[in-house]
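Participant: Quick one: sequence and predicted model below, then my questions.
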Amino acid sequence: MEVDTSNALLARMDAMAQQVSVVNKKLEKIEAVALKTPAEPTFICDICGGPHESNICSFIREDQMEESSQLWMGRKSEF
Ligand SMILES: [Zn+2]
């Protein structure tokens, strides 16, 4: 009887260890995905080939900045 109970306990321990290893494997997978996601670009920019949509490209932003600064200069000279 004593052997049976200890065996049952061992079996339970084994089952728990297996569950832990399964959870650990799941966490490892999630971590791997989380680490992979930034390295793999979802969008590839048509303008610079960067990992972003072409409509949010920094090249466009720079052009817009130049235009706005030119507008500012024009307004300033008017006054
Ligand atoms: Zn770009």
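Facilitator: Received it, and whenever you're ready, just let me know what you need.
Participant: what does the chain have sitting close to the ion?
Facilitator: 45, 47-48, 50, 57 (CB under 5 Å from the ion). The C-beta positions use only the backbone N, C-alpha and C, and glycine is treated the same way.
Participant: Generate a PyMOL selection restricted to the buried entries among the residues you listed.
Facilitator: A single PyMOL command selects the buried members of the residues of the chain next to the ion (16 or more other CB atoms under 10 Å):
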select buried, resi 45+50+57
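Participant: Out of the residues of the chain next to the ion, which is nearest to Asp4?
Facilitator: Gly50 (65.3 Å; CB to CB).
Participant: Next one: the nearest residue to the closest one once chain neighbours are set aside, what pLDDT does it get?
Facilitator: Excluding the flanking residues, the one nearest Gly50 by CB to CB, 6 or more residues apart in numbering is Cys57, at 6.9 Å. Per-residue confidence (pLDDT) for Cys57: 86.
Participant: which residues does Cys57 contact?
Facilitator: Shown in contact with Cys57 (CB atoms under 8 Å, 6 or more residues apart in numbering): 45, 47-48, 50.
Participant: Report the two of these separated the most.
Facilitator: Ile47 and Gly50 (8.1 Å).
Participant: In this protein, where's the longest helix?
Facilitator: helix 2-39 (DSSP state H).
Participant: helices or strands next to that one in the packing?
Facilitator: With contacts taken as 3 or more CB pairs under 8 Å, 6 or more residues apart in numbering; DSSP states H and E, helix 2-39 sits against no other helix or strand.
Participant: I'd assumed Asp46 was in contact with His52.
Facilitator: No. Counting by CB atoms under 8 Å, His52 does not reach Asp46; the two are 10.5 Å apart.
Participant: Looking at the two, which one has more neighbours?
Facilitator: His52 (16 against 11; other CB atoms under 10 Å).
Participant: Could you look up the SS state of that one?
Facilitator: Secondary structure for His52, judged by DSSP: H, G, I helix; E, B strand; the rest coil, is coil.
Participant: among the helices and strands of this protein, which has the poorest mean pLDDT?
Facilitator: helix 58-78 (a mean of 64; mean pLDDT, DSSP states H and E).
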